[in-house]
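*Asks:* show me how the following folds:
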Amino acid sequence: MAKSEKRALTEEELQELVAASDSGARSPTGAVGRMIAATALIWSIFQVLLASPAAPYLLPGDLINNSRQIHLAFAIFLSAMAYPLFKASPRDRIPWYDWILGIGGAFLALYGYFFYDKIVSNGGLADASDAYFGLAGLIFLFIAAYRTLGPVMVLLAVIFLGYVFFGASEVVPDQIRWAGASLRKAMSHMWITSEGVFGIALGVSTKFVFLFVLFGALLDKAGAGNYFIKMAFGALGHLRGGPAKAAVVGSAATGLISGSSIANVVTTGTFTIPLMKRVGFSAEKAGSVEVASSVNGQIMPPVMGAAAFLMVEYVGISYVEVITHAFLPAIISYIALVYIVHLEAVKNNMPTIGNKVVSMGRTIGGMFAFFAGFAVLCYATQFPVKAIVSLFPAGSGWILSALLGLIYVGLVYLAAQTDDLEPDDPNAEVVELPDLAKIYKSGLYYLLPIIVLVYFLMIERKSPGLSAFWATMLLFGILLTQKTLKAMFRGEVNAMSRLRDGLIDLVVGMIDGARNMIGIGLATATAGIIVGTVSLTGIGQVMADFVEFLSGGNLILMLIFVAILSLILGMGLPTTANYIVVSSLMVAVVVELGAQSGLVVPLIAVHLFVFYFGIMADVTPPVGLASFAAAAVSGGDAIRTGFIAFFYSLRTVALPFVFIFNTDLLLIDVTWTQGIIVFIVSTIGILVFTAATMGWFLTKSRFYETAALLLVAFALFRPGVFMNQIQPPFEQIAPAEFSAALESAAPGSSLRTVISGPDFDTLEMKDVTVPLTVPDADGAQARLDALGLIIVPEGETQRLEEPAFGTELADALSSFDFYGDEPVAITSVQATADQLPKELIFIPALLLLALIALLQSRRATPAVREGELA
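*Replies:* As a prediction, this is how the structure comes out:
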């Protein structure tokens, strides 16, 4: 071991590290331990029943209506049982004060359930006693959040709550001062109604997130995690830098079953990091590769982090649309990371593992064929399903279930022909990498729950909760029967005795899923206080004005400010809470500032921007928890690991800025053909960007070659910038000609209008760019009516009356004061001009790339060229 390296933690110590972060470091034995396990099991059973289509028949209506309260009660109670309150608190028993905090917190969380009739009789508002119980509930929630999430989340919530009560104080600056709220009003908002703690965030945790966390825990318990890692090493382990490449792909697959970057680091890192060190990666670089790939697991569809489900509610689009928009950036981000690893291996001439000679191009082609085949399989499933439904409409559900069962049994039979996969020892003297031809069939049935999940999400378009429910039901069957069926197919005598093992696996998986949800439940509840403060006080608009002032109205500076805010908050907040806080405060500001700058920024783009920087907080020193976990595995320095991991994650930092200005990357309003072109070009662009940041393309890059590579990457990602310099994208129309232009425009085309007028809050004049989609109506007046526009011509000025209520423009222009002295008017109109396709810019960009490749190929040594192919 190098002198700079520290002692790597043992497997037991690593599991304690994960438990302390994700599921609680306390595990009492005896009756108390069984009680905690039973409580977690009951929570899982309740959530599964709640997600079931038969929930109205299985659960009383008052339990369903108060499911958020029940969800939080379980989280608070289990946090007191599983997470020690102080560093010196015992780990093997429950102190008396934790029993009080656990039971008392659960009761207060259920206050609205127990006293529902009383609250309804008061019109949903808190009376004096309700207010005091609500205040006590917040205190108990803060204690639970402190022990589970750390002090930053609690401190932030307390600051916002203090603003609710003391916002009228003279010590508060005039710019953010407000009238303040009484205890009754504040507690009604925060604890009694669904505006605060029991708001949208906790509702999403209750309805969707729990089932997906449980799905991941059960899939991991079934053995899928080890199977995915083995497959990744079988496919990539023999390449130059193979362990690192396998770590990237394995972590991407593990992201399907783990929403925790720390758990992902430890699960895959215990095997990948020692092997990476073995082929020449330093402890810090090995840990950094694992961190960069594990953290990105949260952005990988179809099972993304909890924030993805919150986007569904906040943006108002389906989960299918969320994962569609998130798909391309996630894929090219992982491709870039594989390329980073490859360049590191080539630069340092790292050796390969094993004696298998393979081509990198052939390997990548094979992997692409596998993933493409899997996607086609998921898509093609709908055709036999539709045929069966049309032939047997009454009994199609039973027939499809029987067919799925037969397929499962057949795949288990296939798996039984090989030995069960056992975790390998990365420190063994001779490392035997898995043979794909032998191991692939040992876990094909693990893909069935994923196919079911994707089918219900993407084809049937069911809700995320219901989709996860059916996939989880299949996992129940797999866990219960896989060991028994394998034993039967292998001819073992006591095959039926393995049913007990399957039942134990199922119960343990459900307990693990519930314990993994404690932190998420408390994070969403505590973040609800911040969201509630924004809605109660209007502080969001004040902060928006403040941030706009700091940025000087510059959108790029605003985005940098939001990114830094996400990173700072992420030092003490989990990804989900970070996303809730920053999106609540900043998303609307970015969209509005973009409109004022003439850029139409889709809401989903800004939410994904915040999400990306939220997950980066797990990487960034000095508190990047995933970096500390990787350093614990590698024995390297945690701070250095974090900085290198951040450098490796530059493509994750750059992509959000790219898709804000080029929404093609999010597949917004693109055809299938355009989508394929965007994928190919974006992949080339991210690889070129990666080569530039790594200082190595075919060989070590000179400074001007690095600059040229960055220029090529920019041209591939933002071709419109260059084309707009050649041909303006819009033609200017006089405001007085707006009605005529609207009448002559083709239905479905767009007119960009700049609306100027006094701000409703500050009365200062401002400009907002509003794109108007031309409606399919006859005549200018009919089209104006369809848009909700009321224009009053006053000479050359096109003054606007307040738009009709309920129209899209009513929301877009709600920040204007239509009744002030200064009129709200159309000051600029732009129609889309005939412009050459922006894709033509790709030609000179690719020619420049070819020129750089030619220059470097002449300098590259034969050894380097050979390494590029290995």
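
*Asks:* quick check: phi and psi on Leu239?
*Replies:* Leu239 adopts backbone torsions of phi -80, psi 170, taken as degrees, to the nearest 10.

*Asks:* typo on my end, Phe818
*Replies:* Dihedral angles (degrees, to the nearest 10) for Phe818: phi -80, psi 0.

*Asks:* report the separation between it and Ile459.
*Replies:* The gap separating Phe818 from Ile459 is 46 Å, by C-beta to C-beta, to the nearest Å. All C-beta spots, glycine's among them, are computed from the backbone N, C-alpha and C.

*Asks:* quick one: mean pLDDT for stretch 137-157?
*Replies:* Across stretch 137-157, pLDDT averages out at 90.

*Asks:* what's next to it, contact-wise?
*Replies:* 24, 72, 75-76, 79-80, 83-85, 101, 104-105, 108-109, 111, 158, 161, 190-191, 197, 518-519, 522-523, 525-527, 529-530, 569, 571-574, 577, 581 (C-beta atoms under 8 Å, 6 or more residues apart in numbering).

*Asks:* please identify the buried residues of it?
*Replies:* Using 16 or more other C-beta atoms under 10 Å as the test for burial, stretch 137-157 gives 137-138, 140-150, 152-154, 156-157.

*Asks:* go through those residues and flag which are in helices.
*Replies:* 137-138, 140-149, 152-154, 156-157 (DSSP state H).

*Asks:* quick check: Gln382 touching Phe456?
*Replies:* No - with contact defined as C-beta atoms under 8 Å, Gln382 does not count as touching Phe456 (10.8 Å).

*Asks:* which one of the two has more residues nearby?
*Replies:* Between Gln382 and Phe456, counting by other C-beta atoms under 10 Å, Phe456 is the more crowded of the two (19 against 14).

*Asks:* might you report the residue contacts of the residue nearest to the more buried one when sequence neighbours are not counted?
*Replies:* Residue nearest to Phe456 in three dimensions, not counting chain neighbours: Ser467, with 3.7 Å by C-beta to C-beta, 6 or more residues apart in numbering. Residues in contact with Ser467 (C-beta under 8 Å, 6+ apart) are Leu453, Phe456, Leu457, Glu460.

*Asks:* looking at those, state which has the most neighbours.
*Replies:* The member of the contacts of Ser467 that has the most neighbours, counting by other C-beta under 10 Å, is Leu453 with 26 neighbours.

*Asks:* where does that one land in three-state SS?
*Replies:* helix (DSSP: H, G, I helix; E, B strand; the rest coil).

*Asks:* any idea how far Thr267 is from it?
*Replies:* Distance, Leu453 to Thr267, by C-beta to C-beta: 20 Å.

*Asks:* likewise for Ala853?
*Replies:* For Ala853 relative to Thr267 (C-beta to C-beta), the value is 38 Å.

*Asks:* out of those two, which sits in the more crowded spot?
*Replies:* Thr267 (24 against 14).

*Asks:* which residues touch that one?
*Replies:* Neighbouring residues of Thr267 by C-beta under 8 Å, 6+ apart: Asp220, Gly225, Ile229, Thr254, Ser258.

*Asks:* quick one: contacts for the closest residue to Arg93 other than its chain neighbours?
*Replies:* Spatially, and ignoring its direct neighbours in sequence, Arg93 is nearest to Pro28 (5.4 Å; C-beta to C-beta, 6+ apart). Going by C-beta under 8 Å, 6+ apart, Pro28 touches Ile36, Met81, Asp92, Arg93, Ile94.

*Asks:* kindly recompute the last result at 7 Å.
*Replies:* Residues in contact with Pro28 (C-beta atoms under 7 Å, 6 or more residues apart in numbering) are Ile36, Asp92, Arg93, Ile94.

*Asks:* check Thr769 too.
*Replies:* Ala595, Gly598, Val600, Arg752, Val754.

*Asks:* can I get whatever helix or strand the first one lives in in CSV, CA atoms only?
*Replies:* Under the criterion of DSSP states H and E, Ala595 resides in helix 575-596. Once non-C-alpha atoms are left out, helix 575-596 reads as follows in CSV (Å, rounded to 0.1, in the frame of the first residue of the first chain):
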residue,chain,number,x,y,z
THR,A,575,-30.6,15.2,-3.2
THR,A,576,-34.4,15.1,-2.8
ALA,A,577,-34.5,17.9,-0.2
ASN,A,578,-32.0,20.0,-2.1
TYR,A,579,-34.1,19.7,-5.3
ILE,A,580,-37.3,20.7,-3.5
VAL,A,581,-35.7,23.8,-1.9
VAL,A,582,-33.9,25.1,-4.9
SER,A,583,-36.7,24.4,-7.4
SER,A,584,-39.3,26.1,-5.1
LEU,A,585,-37.1,29.2,-4.9
MET,A,586,-35.4,29.5,-8.2
VAL,A,587,-37.2,27.7,-11.1
ALA,A,588,-39.8,30.3,-11.7
VAL,A,589,-37.1,33.0,-11.6
VAL,A,590,-35.0,31.3,-14.3
VAL,A,591,-38.0,30.9,-16.5
GLU,A,592,-39.1,34.5,-16.1
LEU,A,593,-35.5,35.9,-16.6
GLY,A,594,-35.2,33.7,-19.7
ALA,A,595,-38.4,35.2,-21.1
GLN,A,596,-37.1,38.7,-20.3
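
*Asks:* give the rounded mean pLDDT of it.
*Replies:* 78.

*Asks:* helices or strands next to the next helix or strand after that helix in the packing?
*Replies:* Counting by DSSP H and E, the next helix or strand C-terminal to helix 575-596 is helix 603-616. On a contact count with 3 or more C-beta pairs under 7 Å, 6 or more residues apart in numbering; DSSP states H and E, helix 603-616 meets helix 306-311, helix 319-347, helix 555-569, helix 575-596, helix 650-661.

*Asks:* where are the low-confidence patches of the stretch 301-450 of the chain?
*Replies:* When residues are selected by pLDDT under 70, those of the stretch 301-450 of the chain lie in 302-306, 354-367, 424-431.

*Asks:* strands of that one, start to end?
*Replies:* Secondary structure of the stretch 301-450 of the chain (DSSP state E, counting those that start in this stretch): no strands located.

*Asks:* equivalent analysis for the stretch 751-870 of the chain, please.
*Replies:* 765-773, 791-794, 797-800, 825-832.
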